[in-house]
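J.: how would this look folded up:
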Amino acid sequence: MRAFPLAATAAAALALTCGCAAPAAAHSGPSAAFRISDPRIGESSGLIASRSHPGIYWTHNDSGDGPYVYAVDSATGKTVAKVTMRGVHARDVEAISIGPDGDLYLGDIGDNLNGSWPQVYVYRFPEPEQLRDQSVDVTRYTVRYSDGPRDAEALMVQPRTGRLYIASKNEDGGHLYQGPAKLSAHGVNVFTPIGDVPWVTDGSFSPDGSRLVLRGYFWATEYRWADDRPRKIGSVTVPMQPQGESVAFTPDGTALMYGSEGSDSQVWKVPLSGQDLPDSAGGTAASGGAGQDAAGRDAPAASGTVTPSTAPTSTTSTNKAGGKALGIFILAGIFGLAYWLRRVLRRRPRD
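T.: Numbers count the residues shown, from 1 in each chain. Below is the predicted model of the structure:
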């Protein structure tokens with residue numbers, strides 16, 4: 001998504017001011033992982049760890065670029081492959097995910113006019129065996145929402161079932177949409193809402209499928225996944241970034257990788273612990289399909305909406321809530337500064 005230029009500039013300044021202190025908070029806290037150094041990748045909007053190539057993350061630009069996907073080496077930040085999706089006219093590719101079969105899924109689901117596209121698209125192709133510049137054939141799926149067009153930036157493939165989910169983006173809150181059990185490349189695939197979610201810029205399932213993380217610009221929420229439904233666990237740490245657009249689990253599920261738009265953008269790594277860890281990495285497993293609260297007690301199964309957790313608030317949860325409040329405060333400051341700058345620029349005399 002292209003941000004308001006002035007707001008993005010203000011966000012970058014604040015992120016540089018606030019974010020520089022993040023690594024010093026604790027040795028297990030956020031740390032700078034790598035920079036995406038390729039000048040062709042100025043609006044990285046999605047991120048996913050490769051299944052076939054250790055240390056490689058796939059990313060892409062959103063609107064304004066062609067049908068391209070880039071393989072970035074997390075050890076150096078350099079692009080090691082550019083993949084062109086043959087026959088695709090990319091409109092606003094906002095998300096990338098990977099299926100249990102190793103196929104990559106690209107979500108051409110962005111809609112900055114929030115309803116101008118009656119249908120959107122998902123592109124699918126096997127992850128390349130060799131990391132080199134190449135063109136690939138893709139399968140295209142047509143997607144419509146059961147309740148009408150909307151903007152979205154998060155596409156997630158459930159690693160256990162291969163089912164697709166899309167989280168819509170709206171400042172007043174969006175929905176989590178579930179796709180058909182099996183996608184059709186010949187008809188229209190109708191996605192239906194199964195819950196309410198906050199403003200979401202990306203999302204990711206853990207490699208074992210037991211956790212789902214949805215992120216916004218300054219906050220992220222983690223859910224336990226059971227019976228094809230999310231049960232809210234709580235907030236997880238998000239580093240300060242100029243325009244936080246992407247999130248992905250590391251291949252072992254023990255940490256989250258956060259990406260941002262912008263030239264030479266920094267990707268941050270945030271380790272997980274306790275119940276935030278996926279089940280395969282030592283996290284608390286679901287009990288009877290209902291999940292557990294922060295104290296380890298069985299929690300009631302969620303209904304049709306993704307609602308706030310009723311678990312007791314721990315010190316960690318309090319700190320995360322404080323971070324979210326700070327994010328909201330900073331966001332308000334960003335748009336306030338942008339508004340003031342716009343007024344100043346409008347008053348400047350023209351030559």
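
J.: who are the contact partners of residue 129?
T.: Neighbouring residues of residue 129 by C-beta atoms under 8 Å, 6 or more residues apart in numbering: residue 52. Any C-beta I mention is one placed from the backbone N, CA and C, and that applies to glycine too.

J.: confidence score at it?
T.: As predicted, residue 129 sits at a pLDDT of 97.

J.: give me the phi and psi for it.
T.: Backbone geometry at residue 129, expressed as degrees, to the nearest 10, gives phi -80, psi -30.

J.: after the longest strand seen in the chain comes which helix or strand?
T.: Under DSSP state E, the strand in the chain containing the largest number of residues is strand 188-197. Counting by DSSP states H and E, the next helix or strand C-terminal to strand 188-197 is strand 202-205.

J.: by contact count, what packs against that next one?
T.: Judged by 3 or more C-beta pairs under 8 Å, 6 or more residues apart in numbering; DSSP states H and E, the packing partners of strand 202-205 are strand 44-49, strand 95-98, strand 152-157, strand 211-215, strand 244-249.

J.: report all helices and strands that the second one contacts.
T.: Read that as strand 95-98. Packing partners of strand 95-98 (3+ C-beta pairs under 8 Å, 6+ apart): strand 44-49, strand 56-61, strand 103-108, strand 152-157, strand 202-205.

J.: the closest residue to residue 168 other than its chain neighbours: neighbour count?
T.: Spatially, and ignoring its direct neighbours in sequence, residue 168 is nearest to residue 174 (3.6 Å; C-beta to C-beta, 6 or more residues apart in numbering). Residue 174: 24 surrounding residues under other C-beta atoms under 10 Å.

J.: test my guess that residue 174 contacts residue 167.
T.: Yes - applying C-beta atoms under 8 Å, one finds residue 174 in contact with residue 167, separated by 6.1 Å.

J.: what residues are shared contacts of the two?
T.: Among the neighbours of residue 174, those also in contact with residue 167 (C-beta under 8 Å, 6+ apart) are 152, 197, 200.

J.: so where do the helices sit in the chain?
T.: Using DSSP state H, the helices found in the chain span residues 5-19, 315-347.

J.: on that earlier part again, save the helices and strands packed on strand 202-205 as JSON lines, and put in mean pLDDT too.
T.: Below are those laid out as JSON lines (pLDDT from 0 to 100):
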{"stretch": "strand 44-49", "mean pLDDT": "97"}
{"stretch": "strand 95-98", "mean pLDDT": "98"}
{"stretch": "strand 152-157", "mean pLDDT": "97"}
{"stretch": "strand 211-215", "mean pLDDT": "98"}
{"stretch": "strand 244-249", "mean pLDDT": "95"}
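
J.: output the helices and strands packed on strand 95-98 in CSV; the columns should cover mean neighbour count and distance to residue 38.
T.: Output for those, formatted as CSV (neighbours: other C-beta atoms under 10 Å; distance: least, C-beta to C-beta, whole Å):
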stretch, mean neighbour count, distance to residue 38
strand 44-49, 26, 9
strand 56-61, 25, 9
strand 103-108, 25, 18
strand 152-157, 28, 21
strand 202-205, 28, 20
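
J.: with respect to residue 92, which of the ones you listed lies nearest?
T.: Closest approach to residue 92 among the helices and strands packed on strand 95-98 is made by strand 103-108 (6.4 Å; C-beta to C-beta).

J.: can you list contacts of that closest one?
T.: Identification of contacts with strand 103-108 by C-beta under 8 Å, 6+ apart yields 46, 48, 58, 60, 69, 85, 88, 90-99, 120-127, 152, 154-155, 157, 164, 166.

J.: follow-up on the earlier one: columns distance to residue 270 on top of the helices and strands packed on strand 95-98, output as CSV?
T.: Output for those, formatted as CSV (distance: least, C-beta to C-beta, whole Å):
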stretch, distance to residue 270
strand 44-49, 13
strand 56-61, 15
strand 103-108, 23
strand 152-157, 18
strand 202-205, 12
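
J.: out of the ones you listed, flag the one nearest residue 185.
T.: Ranking the helices and strands packed on strand 95-98 by distance to residue 185, with C-beta to C-beta as the measure, places strand 103-108 first at 12.7 Å.

J.: so how far is the closest one from its chain's centroid?
T.: Centroid displacement of strand 103-108 relative to its chain, using C-alpha atoms, centre = their mean, to the nearest Å, is 13 Å.

J.: no further questions, thank you.
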